[in-house]
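A.B. asks: Structure here, sequence nowhere to be found:
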């Protein structure tokens, strides 16, 4: 009976050891696949960033051995609305571009005015004056009074929460379009 008990204990140890080896192999395999995926992503990015590569180049798509492949897309910032440029100097023509954009996105008039005035207060130096529809500073709301440095800052601006909660809201905006006269 003692020998059966020892055999049972020994087989349980061998089985647990085999399960541990199997789990380590699975983790190692997953880590290897993640590393290969990151390498493919880096390869695609490096190819796309090369100065002689143009959109539509066959080098932007590559199938390696097995399931490894990459596909890179080259898109520019020039077709996006540069928010810092639109807001600089409170130029009525530029602000009208932003108003029309928000109107086309379905934002109603009152909400548009609040959004634009709050955004203007957010990016302009603190002179103690607020735009008509912008909320005053409070314990919970502190505009940075500097130009935007990240598109995600719009989430902090009063009135922009609903707009920035929609998927793809940032697809049409940039802060670095490289336009003449734009603060880059």
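C.D. replies: Structure received. Predicted model only: the values in this text are computed from it and were never measured. Numbering: from 1, shown residues only.

A.B. asks: Let me see the ranges of the strands in the chain.
C.D. replies: With DSSP state E, the ranges of strands along the chain come out as 61-63, 69-71, 81-82, 173-174.

A.B. asks: For these, please prepare JSON lines with the additional fields mean pLDDT and mean neighbour count.
C.D. replies: (Glycine included, C-beta is placed from N, CA and C.) Below are the strands of the chain laid out as JSON lines (pLDDT from 0 to 100; neighbours: other CB atoms under 10 Å):
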{"stretch": "strand 61-63", "mean pLDDT": "85", "mean neighbour count": "13"}
{"stretch": "strand 69-71", "mean pLDDT": "83", "mean neighbour count": "15"}
{"stretch": "strand 81-82", "mean pLDDT": "88", "mean neighbour count": "19"}
{"stretch": "strand 173-174", "mean pLDDT": "86", "mean neighbour count": "20"}
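
A.B. asks: So for residue 25, which of these sits nearest?
C.D. replies: The closest of these to residue 25 is strand 69-71. By CB to CB, the value is 25.0 Å.

A.B. asks: Direction included, what does the closest one pair against?
C.D. replies: Counting by DSSP bridges, the strands paired with strand 69-71 are strand 61-63 (antiparallel).

A.B. asks: Now do the strand it pairs with: distance to the chain's middle.
C.D. replies: In terms of CA atoms, centre = their mean, to the nearest Å, the centre of strand 61-63 is set 25 Å apart from its chain centre.

A.B. asks: how does the protein divide up, domain by domain?
C.D. replies: According to automatic domain parsing, the chain comprises the domains 2-71, 81-174.

A.B. asks: Output the contacting helices and strands for the longest helix along the chain.
C.D. replies: Among the segments of the chain that qualify as a helix by DSSP state H, the longest is helix 2-49. Contacts defined by 3 or more CB pairs under 8 Å, 6 or more residues apart in numbering; DSSP states H and E place helix 2-49 against strand 61-63, strand 69-71.
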